[in-house]
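S.K.: Could you look at this predicted model? Sequence included:
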Amino acid sequence: MARTDDDSWDITESVGATALGVAMARANETASDCPLFTDPYAQMFLDAATARGWHPPTGVMSRRIRAIGNYAASRTKWFDEFFVAAGAAGIRQAVILAAGLDARAWRLPWIQDTVVFEIDQPLVLQFKQEVLAAHQVTSKARYVPVAVDLRQDWPKALEDAGFDITEPTAWSVEGLLPYLPADAQDRLFERITAMSARDSRIGVEAFSADFFSEDHLARRRERLEQMRAEAVEAGESAEDMPDPAQLWFNEDRPYVPEWLSEHCWDVSALPAEDLMARYHRALPADTTEGTMPTEFVEGVLADKFSQ
């Protein structure tokens, strides 16, 4: 399904369905012998989506999700620690952009009086709230959903929902950037910076320039075709094996650490391979050549008016 500038989706289609794949990875990690984190809500979302007619990946595709599970788990753990550290520093306002089926508002140990804003498509947030309400789950922070597309005027929607522009904020940008056009990525960071008080923090899953290169995309397509062939050989269907790259905007874009540094953020960056080594995790050698062309970027906002 090709992307358009004004497309939208439910939880079981297009970009929304990718959240179910990530939830599946979190559920697998939670059920493992030595999980990096626990997310008891991930399986609830999967069960609810299945009841709506979603078909969980099986066979080769299911094994593929498990193969990248160590990366997904490491990413989840890094953002968990990002928010916990922000709270320890006294930040009581958090914004989770493109929240998907993230359940941090319900499972992290937020400090008292913290408010967590989640921004995503209306149908995605509605699904999440309905599932959690059905299980009588309450959030550990004051939870405020903001149903708006990030390509629209989300700053106004966020402020209308009670966001306080004078208070330091912890922002997360996880699993999002490839799904935005390059100009929308620039606007996203411009808006975050404009709405951030001094000492605000930002955590970003950033992508290298090679991530959007034709060479990298060609390797992904080749691997996908191999997976489809394996599925057919095993007597499985290959029709439910979409290419996530079809949902991306494959456009050149600024290098995130440099952009943030040029806009008054004090930045550090950690390559995915080093992050996974920190947690004693690794990817199989045949999964994107055993590495991921991503890095985890953390920034603290200095005085915007001092430069």
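M.R.: Yep, it's here.

S.K.: so where's the stretch 1-150 of the chain uncertain?
M.R.: Within the stretch 1-150 of the chain, the segments meeting pLDDT under 70 span 1-16, 60-61.

S.K.: Okay, strands next: where are they in it?
M.R.: With DSSP state E, counting those that start in this stretch as the criterion, the stretch 1-150 of the chain has strands at 93-97, 115-120, 142-147.

S.K.: before we move on, what about the stretch 151-300 of the chain?
M.R.: Under DSSP E, counting those that start in this stretch, the stretch 151-300 of the chain gives strands at 170-173, 201-207, 265-271, 294-301.

S.K.: Now the longest one - C-alpha only, PDB.
M.R.: Coordinates of the C-alpha atoms in strand 294-301 are reproduced here as PDB (Å, rounded to 0.1, in the frame of the first residue of the first chain):
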ATOM      1  CA  THR A 294      19.900   3.100  13.500                       C
ATOM      2  CA  GLU A 295      21.200   5.000  16.500                       C
ATOM      3  CA  PHE A 296      19.600   6.200  19.700                       C
ATOM      4  CA  VAL A 297      19.800  10.000  20.200                       C
ATOM      5  CA  GLU A 298      19.200  11.800  23.400                       C
ATOM      6  CA  GLY A 299      19.200  15.600  23.800                       C
ATOM      7  CA  VAL A 300      18.700  18.100  26.500                       C
ATOM      8  CA  LEU A 301      17.600  21.600  25.500                       C
END
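
S.K.: Number the chain from 59, please
M.R.: Renumbered: residue one is now 59, and that last one reads strand 352-359.

S.K.: neighbours around P98, how many?
M.R.: Per other Cβ atoms under 10 Å, the neighbour tally for P98 reads 14. For every residue, glycine as well, the C-beta is placed using N, CA and C.

S.K.: For the closest residue to P239 other than its chain neighbours, which residues are in contact?
M.R.: Distance criterion Cβ to Cβ, 6 or more residues apart in numbering; nearest residue to P239, sequence neighbours excluded, is F307 at 4.5 Å. Listed by Cβ atoms under 8 Å, 6 or more residues apart in numbering, the contact set of F307 reads R61, P236, Y237, L238, P239, A240, A242.

S.K.: what about the third one, neighbour count?
M.R.: To tie it back to what came earlier, the one meant is Y237. Count around Y237 with other Cβ under 10 Å applied: 19.

S.K.: One more: the fourth one?
M.R.: Other residues within reach of L238, judged by other Cβ under 10 Å, total 21.

S.K.: Please report how far it lies from Q210.
M.R.: Counting by Cβ to Cβ, to the nearest Å, the gap from L238 to Q210 is 12 Å.

S.K.: same deal with the fifth one?
M.R.: Computed with Cβ to Cβ, the distance linking P239 and Q210 is 13 Å.

S.K.: who's more crowded, these two?
M.R.: The neighbour comparison of P239 against Q210 (other Cβ under 10 Å) goes to P239, with 15 against 10.

S.K.: quick one, phi psi at the more buried one?
M.R.: phi -60, psi 160 (degrees, to the nearest 10).
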